[in-house]
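Visitor: Provided below for reference: sequence and predicted model.
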Amino acid sequence: MEHGIWNMEYKRFEETEIWQLSKEIIVEIYKLTNEMNKKDAIFVDQMRRAALSVSNNIAEGYERNSKKELAHFLNIAKGSIGELRSLLMVSQELGLIEATDFKHLILKCEIISRQLKGFIRFLEKKT
């Protein structure tokens, strides 16, 4: 049985679980990095950009005219979620975020990554 967006039953990217999760992570990253911003603005900026890139690439790909283009943008989003995981690992090792926040965000990143991978595979089979 195909799941949600994988059978293209959603008309808008905003309806998809994968975009909603990626939007949630942006809000969480922004809240988390408000205090960090005073310590290392460049690091915070990169973390925020990576988080923003995930949802924005899902949205941009979804608004394109073909499954091939959608798969391309989902691949970019997958790269960005990997970048965010890497940044979270470094920030945790530097003591910039609490262990509970780290575990929660890493788990969410891994869920998004798996969903992106599955959706990309589905689209590649359909093109």
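Guide: On my side now, so go ahead.

Visitor: and whichever strand or helix holds residue 90, what does it pack against?
Guide: Using DSSP states H and E, residue 90 falls within helix 67-93. The contact analysis (3 or more CB pairs under 8 Å, 6 or more residues apart in numbering; DSSP states H and E) places helix 67-93 against helix 17-36, helix 41-62, helix 99-126. Any C-beta I mention is one placed from the backbone N, CA and C, and that applies to glycine too.

Visitor: neighbours around residue 39, how many?
Guide: Burial of residue 39 is recorded as 11 neighbouring residues (other CB atoms under 10 Å).

Visitor: what sits against it?
Guide: Contacts for residue 39 (CB atoms under 8 Å, 6 or more residues apart in numbering) come out as residue 96.

Visitor: make TSV from the helices and strands packed on helix 67-93 and add distance to residue 88, mean neighbour count and mean pLDDT to it.
Guide: Converted to TSV, these look like this (distance: least, CB to CB, whole Å; neighbours: other CB atoms under 10 Å; pLDDT from 0 to 100):
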stretch	distance to residue 88	mean neighbour count	mean pLDDT
helix 17-36	9	17	93
helix 41-62	8	20	95
helix 99-126	6	16	94
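
Visitor: using CSV, lay out those together with distance to residue 90.
Guide: CSV is the format used below for the helices and strands packed on helix 67-93 (distance: least, CB to CB, whole Å):
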stretch, distance to residue 90
helix 17-36, 12
helix 41-62, 8
helix 99-126, 11
